[in-house]
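Peer 1: from the sequence below, what's the structure:
(chains A, B and C)
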Amino acid sequence: MNEFSNECIKIISSIPKGKVMSYGQIAILAGSPRGARQVVRLLHSSSDKYRLPWHRVINGQGKISLDLHSDGELQVQLLESEGIEIGLIGKIDINKYRWNPDCQ
DNA sequence: TGGATGACCTTAA
DNA sequence: ATTAAGGCCATCC
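Peer 2: Residues are numbered from 1 along each chain as shown, chains lettered A, B, ... in the order given. Take a look at the predicted model:
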């Protein structure tokens, strides 16, 4: 495991309940402005192994990148359980729920 | 148009 | 077989 992946895991694990982050932001905070896809891979491949709150990670548009008919629906339910308001298209108030560990 | 974003695919150990 | 690491270009507003 390299440092980047480790940072990503820490950052993602640091996302508090009721907050969400985007891939790009996590990648930047992790140290790789172009490593958003690596964050994706980590979430998709090692989410269970590392116990990452993948449901709190969405795209930069504040929407669910997953299929709302499959995993996306599950994520929507999880986010709603945390108090996050989600639109019918999976739109989330990223402006309100954006989590900035650096700013915090 | 242009620029930021991305829930993958491939290779190696 | 599984786990881990790495990246670039099409897509959407």
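Peer 1: against DNA strand C, how distant is A:Ser32?
Peer 2: Distance of A:Ser32 to DNA strand C, computed by Cβ to the nearest atom of the strand, to the nearest Å: 7 Å. For every residue, glycine as well, the C-beta is placed using N, CA and C.
Peer 1: surely that residue and A:Gln25 touch.
Peer 2: No: at 11.7 Å, A:Ser32 and A:Gln25 do not qualify as touching, with contact defined as Cβ atoms under 8 Å.
Peer 1: of these two, who's got more company?
Peer 2: Between A:Ser32 and A:Gln25, A:Gln25 has the larger neighbour count (other Cβ atoms under 10 Å), namely 21 against 16.
Peer 1: what's near enough to touch that one?
Peer 2: The neighbourhood of A:Gln25, defined by Cβ atoms under 8 Å, 6 or more residues apart in numbering, consists of A:60, A:98, A:100.
Peer 1: confirm the first one sits in a strand?
Peer 2: No: if the criterion is DSSP: H, G, I helix; E, B strand; the rest coil, then A:Gly60 is coil and not within a strand.
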